[in-house]
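1. Below is the sequence, then the predicted model.
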Amino acid sequence: MLGSLGREDRLQLMKFVCAFAWADLEIQSEERHFVDKLVEKLGLEEDRDLIKGWLRSPPPAEEVDPTRVPPEHREVFLDAARQLFEADGVVDPHEQEQFELLKQLLI
């Protein structure tokens, strides 16, 4: 499924993942590790510095608008968000709330 994403869609996915890492206002080491693995899985190594920047400061909210996610990619984005939230073994109430909101917007 990830293979069906073009480069811009893969970068958009990473923006979402990084934005959702900020849901509890703290980036955990496990979340950083998840992002690193996803960068490799998506073949975005050349964009690693850009993506790490989104972990230092979240991407602007207008750049992570769920309504702009193509319908054929929504399940992939939702799954990546779920995996990120579960990466540290603790789903913070803010993370759960963000996930539920994303789910409502994407499905």
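-> Sure, I can see it. Residues are numbered from 1 along each chain as shown.
2. doesn't Gln96 make contact with Arg82?
-> No - look at Arg82 against Gln96 with Cβ atoms under 8 Å: they stay out of range, at 10.4 Å. All C-beta atoms are positioned from the backbone trio N, CA, C, and that covers glycine.
3. And these two? Which one has more around it.
-> Taking other Cβ atoms under 10 Å, Arg82 and Gln96 do not tie; Arg82 has more neighbours (16 against 13).
4. For the more buried one, which non-adjacent residue is spatially closest?
-> Spatial nearest neighbour of Arg82, excluding adjacent residues (Cβ to Cβ, 6 or more residues apart in numbering): Phe99 at 6.4 Å.
5. Quick one: mean pLDDT over the strand or helix carrying the one you found.
-> Using DSSP states H and E, Phe99 maps to helix 93-106. The pLDDT scores in helix 93-106 average 86.
6. likewise stretch 38-51?
-> Averaging pLDDT along stretch 38-51 yields 96.
7. Tell me the gap between the strand or helix carrying Glu75 and the middle of its chain.
-> Taking DSSP H and E as the criterion, Glu75 maps to helix 74-86. Computed by Cα atoms, centre = their mean, to the nearest Å, the chain-centroid distance of helix 74-86 equals 7 Å.
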